[in-house]
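> show me the folded form of this:
(one chain, ligands or ions: 1)
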Amino acid sequence: MTITLNEQAIEILRKNDRGGFTVPTARLYPYQWNWDSAFVALGFATFDRTRAWRELELLVEGQWPNGMIPHIIFRRDDPDYFPGPSVWRTAGGKFPSGGISQPPVLASIVLSLLEQGGEGDAAKARELYDAIFAWHNWYHTERTPEGHDIVCTVHPWETGRDNCPDWELGLDRMAVDPDIDPYVRKDTEHADASQRPSKLQYDKFVTIIKAGRDLNWDQKRLTNEGPFLMADPGIHFILLRADRDLLKIAQTLGLDEHIGQIQKWIDTAVRASDYLWNDRLGAFCARDVRSGEISQGFSSASALCFYADAGTTEQRKRSVENMERIASKVQFMLPSWDPDADGFEAQRYWCGPVWPQMNHIISEGLAEQGEQELANRIRNDLASVIQQSGFFECFNPVTGAGCIGTDFSWTAAMWLAWATPTKMAS
Ligand code: GLC
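Numbers count the residues shown, from 1 in each chain. Next comes the predicted model:
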């Protein structure tokens with residue numbers, strides 16, 4: 001008997017469960033990752049709500065006293081991963097962890113669970129609320145550089161879009177620290193090196209980690225003095241959406257205390273969106289804060305202005321035109337990088353492949369803002385590549401071939417919670 005894709009997806013989540021938290025995929029990513037866990041909770045919620053909340057509770061357990069929820073939580077060391085806890089050497093939270101964060105989708109996932117659920121879900125959301133508020137506060141204070149009102153990032157890994165050509169502007173400006181310790185990459189042992197970031201990029205990624213360590217992970221200083229400082233439409237729009245959703249959670253739960261503060265964050269972020277506007281291209285793009293230079297390609301993060309409910313009518317119209325241009329060039333939407341821009345590579349990680357969790361939030365935003373046709377195409381294309389190739393980490397937008405990690409948790413979760421045809425029928 002052949003098992004259905006829904007059954008396979010459930011099996012993947014169960015198999016990647018490490019006792020309350022889920023690894024993105026065995027071996028390549030053997031720990032708990034921040035935004036992966038949030039998306040994975042949506043998948044668990046389709047068949048086990050208690051387990052869905054548990055995933056989020058364990059994620060919040062990694063929070064630092066300054067409010068940051070790190071991008072990876074290292075509950076136990078796994079020599080199969082680089083860079084592990086002995087490289088980061090953080091002492092911020094209850095567990096060793098990475099010293100940077102990741103896109104803050106947590107509030108939006110909690111709101112989805114709350115809206116689907118009942119009594120028990122409200123209590124769970126209440127338990128997580130203060131931690132989420134503290135995390136957003138951290139982004140708005142410690143990750144917002146002095147003299148600016150836009151949230152930024154200090155490391156490409158913080159954006160979740162590790163080697164997107166967007167980051168070349170910032171990486172080009174920084175040198176590899178000659179004092180970084182020699183290291184052996186593990187990712188290229190588990191995945192095809194031609195689909196992974198380059199050696200020079202890795203040297204720079206490790207250089208930023210060393211800078212963080214040298215600053216004893218003082219996050220304000222890392223933002224203001226670190227070697228890399230860019231503003232990312234991904235983090236900016238996801239945080240703006242998450243602030244809007246946090247406000248709704250507060251209102252639903254009758255928590256008044258922070259409402260004024262959250263509203264201020266929203267108003268500031270809506271205004272700050274223009275900082276990322278590339279008028280030549282007609283898109284919101286990543287920008288190097290120190291040089292002011294702006295990236296020149298339409299990335300999947302550019303498409304998140306709809307999800308954030310940001311941008312003027314004209315800015316949205318031009319963003320849609322870019323997506324229509326891209327749709328005529330690829331078989332499967334939405335590539336992570338612009339097929340007409342320098343650096344596009346259909347199979348190299350964030351230089352082209354379609355990413356399941358990005359398609360989900362982009363499509364959700366487009367549908368909410370009345371762009372139903374594009375929203376449907378982005379959803380249906382994800383369903384098609386999964387049907388064609390299986391539960392890969394990401395997919396070649398030209399051929400639909402699966403790339404890098406197999407039996408991937410967020411792909412399974414996005415299928416169950418959103419892309420599966422049975423979900424559409426329900
Ligand atoms: C890669 C991705 C990142 C993801 C992580 C675990 O680093 O770029 O977005 O969170 O893998 O899946």
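
> strands of the stretch 151-300 of the chain, start to end?
For the stretch 151-300 of the chain, strands defined by DSSP state E, counting those that start in this stretch occupy the ranges 230-231, 277-278, 283-284, 287-288.

> find the nearest non-adjacent residue to Tyr349, please.
Excluding the flanking residues, the one nearest Tyr349 by C-beta to C-beta, 6 or more residues apart in numbering is Asn163, at 5.3 Å. The way it works is simple: take the backbone N, C-alpha and C, and place the C-beta from them, glycine included.

> about what we covered before: hey, which of the strands of the stretch 151-300 of the chain is tucked in deepest?
Highest mean neighbour count of the strands of the stretch 151-300 of the chain: strand 283-284, a mean of 30 (counted as mean count of other C-beta atoms under 10 Å).

> so what secondary structure elements neighbour it?
If contacts are counted by 3 or more C-beta pairs under 8 Å, 6 or more residues apart in numbering; DSSP states H and E, strand 283-284 sits against strand 277-278, helix 313-327.

> what pLDDT, on average, does the lengthiest helix in the chain get?
Within the chain, and with DSSP state H defining each element, the longest helix by residue count is helix 119-141. Per-residue pLDDT over helix 119-141 has a mean of 97.

> just checking, what packs against it?
helix 49-60, helix 106-116, helix 233-253, helix 259-272.

> angle of it against helix 106-116?
Orientation check (axes from the mean of the first three to the mean of the last three C-alpha atoms, to 10 degrees): helix 119-141 against helix 106-116 gives 160 degrees.

> tell me the angle of helix 119-141 relative to helix 49-60?
Counting by the same axes, to 10 degrees, helix 119-141 lies at 20 degrees to helix 49-60.

> ok, residues contacting helix 119-141?
49, 53, 56-57, 60, 63, 66-69, 101, 104, 106-107, 110-111, 113-114, 151, 219-220, 235, 239, 242-243, 246, 249-250, 252-253, 255, 258, 261-262, 265 (C-beta atoms under 8 Å, 6 or more residues apart in numbering).

> could you pick out the buried ones from the residues you listed?
49, 53, 56, 60, 63, 66-69, 101, 104, 106-107, 110-111, 113-114, 151, 219-220, 235, 239, 242-243, 246, 249-250, 258, 262, 265 (16 or more other C-beta atoms under 10 Å).

> please look at His148 and Arg287 and confirm they touch.
No - with contact defined as C-beta atoms under 8 Å, His148 does not reach Arg287; the gap is 10.6 Å.

> need the residues touching each of these two.
Joint contacts of His148 and Arg287 (C-beta under 8 Å, 6+ apart) are 231, 275.

> separation between Glu324 and the ligand?
26 Å (C-beta to the nearest ligand atom, to the nearest Å).

> what does Ile109 give?
Here Ile109 is placed at a distance of 14 Å from the ligand (C-beta to the nearest ligand atom).

> can you check Trp33 too?
Taken as C-beta to the nearest ligand atom, the span from Trp33 to the ligand is 4 Å.

> same check, this time on Gly282
Where the ligand is concerned, Gly282 sits at a distance of 26 Å (C-beta to the nearest ligand atom).

> same thing with Ile238?
Separation of Ile238 from the ligand (C-beta to the nearest ligand atom): 12 Å.

> residues in contact with the nearest residue to that residue once chain neighbours are set aside?
Nearest residue to Ile238, sequence neighbours excluded (C-beta to C-beta, 6+ apart): Pro103, at 4.5 Å. By C-beta under 8 Å, 6+ apart, Pro103 lies in contact with 34-35, 159-160, 234-235, 238-239.

> same thing but 7 Å
35, 159-160, 234-235, 238 (C-beta atoms under 7 Å, 6 or more residues apart in numbering).

> ok, back up a step: in JSON lines, list the helices and strands packed on helix 119-141 along with mean pLDDT.
Compiled in JSON lines, the helices and strands packed on helix 119-141 are given as follows (pLDDT from 0 to 100):
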{"stretch": "helix 49-60", "mean pLDDT": "98"}
{"stretch": "helix 106-116", "mean pLDDT": "98"}
{"stretch": "helix 233-253", "mean pLDDT": "98"}
{"stretch": "helix 259-272", "mean pLDDT": "98"}
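
> of the ones you listed, give the one that comes closest to Phe395.
Nearest of the helices and strands packed on helix 119-141 to Phe395, taken as C-beta to C-beta: helix 233-253 at 18.7 Å.

> can you name the residue of the stretch 101-250 of the chain nearest the ligand?
Gly160 (3.4 Å; C-beta to the nearest ligand atom).

> and the gap between that residue and Ala175?
Noted for Gly160: a distance of 25 Å to Ala175, by C-beta to C-beta, to the nearest Å.

> if we can go back for a sec, so the longest helix of the chain versus helix 259-272, what angle?
Going by the same axes, to 10 degrees, helix 119-141 makes 50 degrees with helix 259-272.

> which parts of helix 119-141 are buried?
121-122, 124-125, 128-129, 131-140.

> near the ligand, which residues of this structure show up?
Residues of the chain lying near the ligand by C-beta under 6 Å from any ligand atom: 24, 29, 33, 35-36, 160, 162.

> could I get the helices and strands packed on helix 119-141 as TSV with distance to Arg318?
Converted to TSV, the helices and strands packed on helix 119-141 look like this (distance: least, C-beta to C-beta, whole Å):
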stretch	distance to Arg318
helix 49-60	36
helix 106-116	25
helix 233-253	14
helix 259-272	18
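
> Tyr307: which of the ones you listed is closest?
Across the helices and strands packed on helix 119-141, Tyr307 has its closest neighbour in helix 233-253 (5.2 Å, C-beta to C-beta).
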